[in-house]
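>>> next one to model:
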Amino acid sequence: MQPTDLGEPPAISVLIAVHNRFEWLAAALASVRRQSVADLEIIVADSSTLDGVGDYLAHLASLDSRITVVTSPTALSAPEGRNLALLHARAPLIALLDSDDVMRPGRLAQQVEVLRNNPEVVLVASDFRRIDQWGIPLPPVRPDERPPFPMRDLTVKWRLPFDTPLGPTSMIRAHDLRAIGGFDNSHPLSDDWSAAWQLSERGALRILPEALTDWRRYFRQSSAVHRRRALVEMHLLTSHIVYSRLGCWLGPTVPALGLDASSHLPADPEELLSELLDHALTHWSPTHEERNELERECEHLIATSRRSRALLPLESSRLSATLSPAAWAPHEGHRAT
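A predicted model of the protein is given here:
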């Protein structure tokens, strides 16, 4: 992927993929336009089918020269929309925002400072605040299950089989994002997770403690089929990451649904967590502080997994019984020697 050359590039390209969600689009765009960093461009990839979306975006672009609208005649998945926007991005730094979320004041300035002062960092994300459909902050679902912020690079990488720092809070170096081929459409519901894992092979990942993005959650945000397909994707991606580290393939069967990403582990998650911790302590040469943080994270995820298994029935093991392994999957049960 190569950026479009239209003269002197801005400092930041903000990518927003739009497919309907017209009711929240104005708030998302306004939050970017109000950022203290003015040297930016906003690339909106529009594949909406709702009347009025295209006209609204065209009008807004006529008022703000920083906005570029790229349209698609057909509906696009989230990674396809982001990749379409990425093709037109000119800045060395890429910021992500979903069309129903909101940037909080100062987000871009803080993330730019981190990347400029830390050349080894390829991605910087942050904590986030959940809001409802009207923009009202939501209480934490389970405060004891939220990971501590900020996180050291090794801790972020160690957690990648369980969750991802990428998403609507992230800023990424453009050349690193293009080097991995952009966003992975083979995981259309978890492409941010796949990108985070690939980016972790290229440099450090950083999570800031401040909630710099409002993440909108609302009733009927996704269907049951959509959520189950996302669960299957996440489990397969977990298998891929674990195999890359331990040589152990978990297979395509989806384990129990849970309140936390750690419940997406196989039947004996505690053994796997211990193996992953041993791998990190042996191969990643952590400092004393990093070692302590990794050990605390392992204890936290084991406790969370025990609670999830005790609270929820094993209701989703059948979801992917007939699902073929991904193209990169070795035979189920294989362990490298």
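>>> now Phe90: closest residue in space that isn't a chain neighbour?
That one is not Phe; residue 90 is Arg. Nearest residue to Arg90 in three dimensions, chain neighbours excluded: Pro9, at 3.9 Å (C-beta to C-beta, 6 or more residues apart in numbering). C-beta: built from backbone N, CA, C; applies to glycine.
>>> the one you found and His288: what is the separation?
Pro9 is 42 Å from His288, where distance means C-beta to C-beta, to the nearest Å.
>>> go on, Glu210?
From Glu210 across to His288, the span is 27 Å (C-beta to C-beta).
>>> more crowded one of these two?
Glu210 (16 against 7; other C-beta atoms under 10 Å).
>>> can you give me the helices in this structure?
The residue ranges that make up the helices of the chain, judged by DSSP state H, are 22-33, 53-63, 78-87, 107-117, 153-159, 174-179, 191-200, 224-246, 269-283, 288-311.
>>> mean pLDDT lowest for which of these?
Comparing the helices of the chain by mean pLDDT, the weakest confidence falls on helix 224-246, with a mean of 80.
>>> list the helices and strands that helix packs on?
Helix 224-246 sits against helix 191-200, helix 269-283, with contacts defined as 3 or more C-beta pairs under 8 Å, 6 or more residues apart in numbering; DSSP states H and E.
>>> could you give the angle of that helix to helix 269-283?
In this structure, helix 224-246 runs at an angle of 40 degrees to helix 269-283, with axes from the mean of the first three to the mean of the last three C-alpha atoms, to 10 degrees as the basis.
>>> now helix 224-246 against helix 191-200, angle please.
Between helix 224-246 and helix 191-200, the angle comes out at 10 degrees (the same axes, to 10 degrees).
>>> can you give me how far helix 224-246 is from the chain middle?
Averaged C-alpha coordinates place helix 224-246 at 13 Å from its chain's average position (C-alpha atoms, centre = their mean, to the nearest Å).
>>> which residues are in contact with Pro188?
Residues touching Pro188, when contacts are defined by C-beta atoms under 8 Å, 6 or more residues apart in numbering, comprise Ser77, Ala78, Pro79, Glu80, Glu233.
>>> now with 10 Å, please.
With contact taken as C-beta atoms under 10 Å, 6 or more residues apart in numbering, Pro188 is in contact with Leu76, Ser77, Ala78, Pro79, Glu80, Arg229, Ala230, Glu233.
>>> for those residues, which one is nearest Leu97?
Of all the contacts of Pro188, the one with the least separation from Leu97 (C-beta to C-beta) is Ala78, at 12.1 Å.
>>> wait, that closest one touches Trp193, no?
No - when contacts are counted by C-beta atoms under 10 Å, Ala78 is not listed as touching Trp193 (11.8 Å).
>>> of these two, who's got more company?
Comparing Ala78 with Trp193 by neighbour count (other C-beta under 10 Å), the higher total belongs to Trp193, at 25 against 20.
>>> need phi/psi at the nearest residue to the more buried one once chain neighbours are set aside.
Taking C-beta to C-beta, 6+ apart, and ignoring the residues beside it in sequence, Trp193 has Thr164 as its nearest neighbour in space, at 4.0 Å. Listed backbone geometry of Thr164 is phi -130, psi 140, with angles given as degrees, to the nearest 10.
>>> what's the answer for the one 3 residues further on, then?
Taking degrees, to the nearest 10, you get phi 140, psi -150 for the backbone angles of Gly167.
>>> that one contacts Asp98, correct?
Yes - with contact defined as C-beta under 10 Å, Gly167 reaches Asp98; the gap is 7.9 Å.
>>> overlap in contacts of the two?
Looking at what touches both Gly167 and Asp98 (by C-beta under 10 Å, 6+ apart), the common residues are Asp192, Thr213, Trp215.
>>> highest neighbour count among those residues?
Going by other C-beta under 10 Å, Thr213 tops the shared contacts of Gly167 and Asp98 with 25 neighbours.
>>> strands of the stretch 1-150 of the chain, start to end?
12-18, 40-46, 67-71, 93-96, 102-103, 121-131 (DSSP state E, counting those that start in this stretch).
>>> would you list the ones you listed in TSV and tack on mean neighbour count and distance to Pro139?
Supplementary listing: the strands of the stretch 1-150 of the chain in TSV, determined by neighbours: other C-beta atoms under 10 Å; distance: least, C-beta to C-beta, whole Å:
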stretch	mean neighbour count	distance to Pro139
strand 12-18	26	28
strand 40-46	24	32
strand 67-71	18	35
strand 93-96	26	26
strand 102-103	23	18
strand 121-131	21	8
